[in-house]
Each structure stands twice: as structure tokens, then as C-alpha cells.
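J.: got a structure for you, letters missing:
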């Protein structure tokens, strides 16, 4: 066995939170129910390992160097650090760390994951600027005392290496495939390593880490929570997309090329990824008029997850809702997000 293969096995064990060695394929069908909590936990560990294995050749040998502080500035009730993180050994990752002036010691932490929307130059700055469909969350996390990290995803922000953003994204996707890499896998690897950095900060309580995002950020939030048990709260807006329903309504074109993982549907459907989050708190808010997130698929995921949360005595910790809107955050969605942040991060 080569060193690289051994290293990959070690990584999959580590990232699945001491994954138990077992069969790579699921031993539980969607119609089976776990008999005990320990049975379900073992099942999740096997499936988490399998999910990581679908994400291509990741830069597992790389050991990150210390973060570089580029500059610091004062915001309204917070300090903002502009950072350069070494997450993957291929290219530096610009990041923002928002540190509220008034906070618990240690404070809850949040990984804020930006959307796609074709707004390639924005990237991590969405935390500060918001989007047309999403008012800025910087004032929210500052007021609640949540230390918040946002990074530029591959092909976005300072990592946009082609003036035409879509061309750069497609070229990156294609080139990575030649080297056995998957763009979405590299994105998730960066977010996973960003969690490493966030919990390394002395200001942060590693037992209270949340993941939040809308659209692409939503997809990455629930994937990250499924892949990384350190995420204690998952809040995703407007992209809990059931893959088969997306095919049924003929809207694969609605999602960017980054979204597509080779062989994924041979192993997982959306509800099977999301069951890896159970019983950790999960809030998912979606628009009934959103063509990127067919409502029938949202209901399918909800109907699969609800009994699992009930079985483990956590019925109130899963809420999956559809609102009469499109691909946007409404005031009622914002109210629920704040409520869940208070309950599961700030108030824990």
C-alpha cells in the first residue's frame, strides 16, 4: 500500500470523528430504522466516510502554516481581521474574522458560507455587504457575540483568477477533473479546514460551532454539517435541493457546475446526506417558488428526517420549512434564524 493511500485512510477516519472501520457502502436502506442510538451512530460514521470518499483526491498531506494577519479594522461593535489562511497548500485563502466587542468567553463561533449567484467578485464580503436577497449578517453576529469566519471559496472574491467568473469556474472544474480532483470536494475541504482554524482561536468555544449560508452557502452548510460532526448547528436557506426532483423538473442548468459530484447518486440522495446531521440542530428554510429547490423534494427530506429526530428525543431540533417566496430570505426566515442562533449557539 502506498503512503498516499494510507494517508487518505487516516484522513477519512479523522474527519468522520474517529470513524469506525467498516463497509464502504450503506448497510441501512432508506426503509430500515436504526434500532439504537449506537447503531445509528455507527451507521453515520460508515456513511460519512463514504461521503468523503466521493469528493476526489484531496490535499491530505498538506499541513497548514500559521494564518497571516493582513490588516485589522474596527466595525460597529466588532473588530474585523483580514486574514490569509493556508488551507490546501495550492493557493492562499483570503478570509474575514469578525470578533464582537461584547461576547462570552469563550464565545460561540460561526462559519459564514457565501452564495454563488454569479457574483464572483463578492465572495466573503457578503458577510459585510449582504446580497439583494439577503441583508448583511455582520450586525447580527456582532450583536449576538458570535465570532464569525468567512472565506473566499474557489473561484470567488480574491480567488477569481479569470475576469469572466463563469469561465474561470468551468476551467477550474475541468482542470481539477484531469488531476482526479472534484471542485465541490475542494470547496468542502477548504470549509472543513476553515473550521480547524475557527476552533483554534482562543476567543472561540469549540463546542458551539455553527454553519450558515444561503444558496451555494446553504448547500455547503448542510454538506459540511454532514461531513464534520464538530458543526453543532446547521442553518441553510434556499437550497435544500432533492437531486431526483431537480432532474424531474428538468432544471440541472439552474445550479452551477461546481454543484455536481461524480457518482454521487450511486451512493447518496439528499435526505441520506442530511441524516448524517441527526440529532444535531438543523434549521432549513426554503422558498416554495424557488426553481432551484423543488418543494416536493424539500418535503421528502423533511419527511425522512422528522421521524429520526423524534426517535432520538430531538423533535424540536429539526425544522424544515417552505415559505411563499422565491430564492431569497424573508423577514420571517430572518426571525427564525435569529431564534435558532440564540437557542443553539448563544444560549448554550
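T.: Arrived safely, thanks for sending. All values reported here derive from a predicted model rather than from experimental measurement.

J.: you'd agree residue 213 is up against residue 110?
T.: No - using Cβ atoms under 8 Å as the test, residue 213 is too far from residue 110 to be in contact (10.3 Å). Bear in mind the C-beta positions are built from the backbone N, C-alpha and C, glycine included.

J.: Show the pLDDT at residue 60.
T.: If you check residue 60, the pLDDT there is 89.

J.: In which helix or strand does it reside?
T.: Using DSSP states H and E, residue 60 sits in no helix or strand.

J.: Need the phi and psi values for it.
T.: Main-chain dihedrals, residue 60, degrees, to the nearest 10: phi -70, psi -30.

J.: Look at residue 82 and tell me its secondary structure.
T.: Secondary structure, DSSP: H, G, I helix; E, B strand; the rest coil: residue 82 is strand.

J.: burial count for it?
T.: Residues near residue 82, counting by other Cβ atoms under 10 Å, number 15.

J.: For it, name its beta-bridge partners.
T.: Using DSSP bridges, the bridge partners assigned to residue 82 are residue 71, residue 96.

J.: surely it meets residue 98?
T.: No - Residue 82 is beyond contact range of residue 98, at 10.8 Å (criterion: Cβ under 8 Å).

J.: And the nearest residue to residue 289 once chain neighbours are set aside, how far from residue 286?
T.: Leaving aside its chain neighbours, residue 289 sits nearest to residue 326 (4.6 Å; criterion: Cβ to Cβ, 6 or more residues apart in numbering). Per Cβ to Cβ, to the nearest Å, residue 326 is found 10 Å from residue 286.

J.: Looking at these two, which has the bigger crowd around it?
T.: Legend: neighbour count by other Cβ under 10 Å for residue 326 and residue 286, higher for residue 286 (29 against 15).

J.: How about the secondary structure of the more buried one?
T.: For residue 286, the assignment made with three-state DSSP gives strand.

J.: quick one, what contacts it?
T.: 237, 238, 239, 240, 293, 295, 298, 320, 321, 322, 323 (Cβ atoms under 8 Å, 6 or more residues apart in numbering).

J.: any idea of the pLDDT on residue 67?
T.: On the pLDDT scale, residue 67 is placed at 98.

J.: now do residue 36
T.: As predicted, residue 36 sits at a pLDDT of 87.

J.: So what's the residue count around it?
T.: For residue 36, the neighbour count with other Cβ under 10 Å is 9.

J.: Residue 288 now?
T.: 14.

J.: hmm, back to that, do I have it right that the residue nearest to residue 289 meets residue 293?
T.: No - using Cβ under 8 Å, residue 326 is not in contact with residue 293, being 9.6 Å away.

J.: shared neighbours of the two, anything?
T.: Residues touching both residue 326 and residue 293 (Cβ under 8 Å, 6+ apart) are residue 287.

J.: quick revisit: the residue nearest to residue 289 - that's part of a strand, no?
T.: No - remark: residue 326 does not belong to a strand; assigned using three-state DSSP, it is coil.

J.: Okay, it and residue 91: tell me how far apart.
T.: For residue 326, the distance to residue 91 equals 34 Å [Cβ to Cβ].

J.: And residue 252, by the same measure?
T.: Distance, residue 252 to residue 91, using Cβ to Cβ: 29 Å.

J.: What of residue 281?
T.: For residue 281, the distance to residue 91 (Cβ to Cβ) stands at 34 Å.

J.: quick one, which of the two is more surrounded?
T.: A count of neighbours by other Cβ under 10 Å puts residue 281 above the other of residue 281 and residue 91, at 23 against 14.

J.: Could you pull up the residues touching residue 235?
T.: 210, 211, 212, 213, 221, 283, 284, 337, 340, 341.

J.: and with 10 Å instead?
T.: Residue 235 sits next to 110, 210-214, 217-218, 221-222, 225, 281-285, 319, 333, 336-337, 340-341, 344-345 when contact means Cβ atoms under 10 Å, 6 or more residues apart in numbering.

J.: Likewise for residue 339?
T.: The contact partners of residue 339, taken as Cβ under 10 Å, 6+ apart, are 283, 319.

J.: Try it again at 7 Å.
T.: Shown in contact with residue 339 (Cβ atoms under 7 Å, 6 or more residues apart in numbering): no residues.

J.: Helix or strand: which one has it?
T.: Element membership for residue 339 (DSSP H and E) is helix 331-341.

J.: mind listing what's buried in that helix?
T.: Neighbour-count burial for helix 331-341 flags 333, 334, 336, 337, 340, 341 (criterion: 16 or more other Cβ atoms under 10 Å).

J.: quick one: the spatially most central residue of the chain from residue 191, how far?
T.: Taking Cα atoms, centre = their mean as the criterion, residue 221 is the residue nearest the geometric centre of the chain, at 2.2 Å. Separation of residue 221 from residue 191 (Cβ to Cβ): 9 Å.

J.: ditto for residue 81
T.: Taking Cβ to Cβ, one finds residue 81 at 18 Å from residue 191.

J.: Of the two, which one has the most company?
T.: Each of residue 81 and residue 191 has its neighbours counted (other Cβ under 10 Å); residue 191 has more, 25 against 18.

J.: how about the more buried one, what does it touch?
T.: Contact analysis of residue 191 by Cβ under 7 Å, 6+ apart lists 111, 113, 220, 224.

J.: of the residues you listed, closest to residue 45?
T.: residue 224 (16.6 Å; Cβ to Cβ).

J.: okay but that closest one is in contact with residue 233, surely?
T.: No - taking contacts as Cβ atoms under 7 Å, residue 224 lies outside contact range of residue 233: 11.5 Å.

J.: Sweet, I'm off.
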